[in-house]
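Visitor: Compute the structure for the input listed below.
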Amino acid sequence: MTFSIPFLNKTPTVAILRLTGTIAAGGRGQLNDQTLAPYIEKAFSKGKPAAVALVINSPGGSPVQSSLIAARIRRLADDKKLPVLAFVEDVAASGGYWLAVSADEIWVDPGSIIGSIGVISAGFGAPAFLERQGLERRVYTAGKSKSTLDPFRPENPEDVGRLKTILDQLHNVFINHVKTRRGTKLSDEQDLFSGEFWTGQRAVELGLVDGIGHLVPLMKDRFGDKVRFRSYDVKRNILTRLGTSMVQDAFTGIEERAQFARFGL
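Guide: Residues are numbered from 1 along each chain as shown. Next up, the predicted model:
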């Protein structure tokens, strides 16, 4: 007579954490550490998963939020001693790639867009428009740099120089993060940190990702055909679903659409 002991024959479960959208502090429907924290914690803790899979589709955004989210993922992965695998859909660029690099392995579709390891600051200047309209900008400050990069005043070379210094510092943080996580996997055949981006197969050749593969077949191959999946998707606020913040959501959607459009998506 044989006995089946349930807890010794437990079917492995993979926790799926979907990271879709731009990365920004406080935006509805956008990725940030405060919003994602409870979902990340559950993905690593609930039901003792065999692994955590990150499904990423993000063109990037805030460097700080990218760093905070990635740090939380790594902290929990190390604490729970769980493997983390990233699966890229359309794009993991800029901050989206920052998130992907937090995984132990990165898998992509041949058509995925990968890279854009750089930092950008963009805005508009309107001093000539104000002058044509007969409008005068009046600003009073305590501290000579308090009105740095005022879009309604002519561009100041000193302001631009300070901004470029900050961007270079953030870029170095990004580069160090990628080198620390990818190590000797990275190719030295071309500059990977110029802000350029590549399709999935080329990203494999450059060592930015580990291979071509999709979540379900790869997880079945690794954990068996009976592997189960438990998803942790960020739920939209009920007021947002009812349209209470339609104007704000519309602007957020336009901004996000512009971010994806940079990569032809």
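Visitor: Is there a neighbour count for the closest residue to Gly213 other than its chain neighbours? I'd like the number.
Guide: Spatial nearest neighbour of Gly213, excluding adjacent residues (C-beta to C-beta, 6 or more residues apart in numbering): Trp107 at 4.0 Å. (Glycine included, C-beta is placed from N, CA and C.) As a burial measure, Trp107 scores 22 neighbours (other C-beta atoms under 10 Å).
Visitor: Next: Ile117.
Guide: 24.
Visitor: In which helix or strand does the residue nearest to Gly213 reside?
Guide: strand 105-108 (DSSP states H and E).
Visitor: Neighbouring strands of that strand in the sheet, and parallel or not?
Guide: Each strand paired with strand 105-108, and its direction, by DSSP bridges: strand 84-93 (parallel), strand 211-212 (parallel).
Visitor: which residues are in contact with the helix or strand hosting Trp198?
Guide: Following DSSP H and E, one finds Trp198 within strand 197-199. Strand 197-199 is contacted from outside by 93, 110-116, 206, 208, 263, using C-beta atoms under 8 Å, 6 or more residues apart in numbering.
Visitor: of these, the lowest pLDDT goes to which?
Guide: The lowest pLDDT within these belongs to Phe263, with 51.
Visitor: in the longest helix seen in the chain, what counts as buried?
Guide: When the chain is scanned for its longest helix (criterion: DSSP state H), the result is helix 157-182. The neighbour-count check on helix 157-182 (16 or more other C-beta atoms under 10 Å) flags 170-171, 174, 177-178, 181-182 as buried.
Visitor: With pLDDT as added columns, please give the residues you listed in JSON lines.
Guide: Shown next, in JSON lines, are those (pLDDT from 0 to 100):
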{"residue": "Leu170", "pLDDT": "90"}
{"residue": "His171", "pLDDT": "91"}
{"residue": "Phe174", "pLDDT": "93"}
{"residue": "His177", "pLDDT": "93"}
{"residue": "Val178", "pLDDT": "94"}
{"residue": "Arg181", "pLDDT": "94"}
{"residue": "Arg182", "pLDDT": "94"}
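Visitor: Nearest to Asp78 among those?
Guide: Arg181 (12.8 Å; C-beta to C-beta).
Visitor: Thanks a lot, see you next time.
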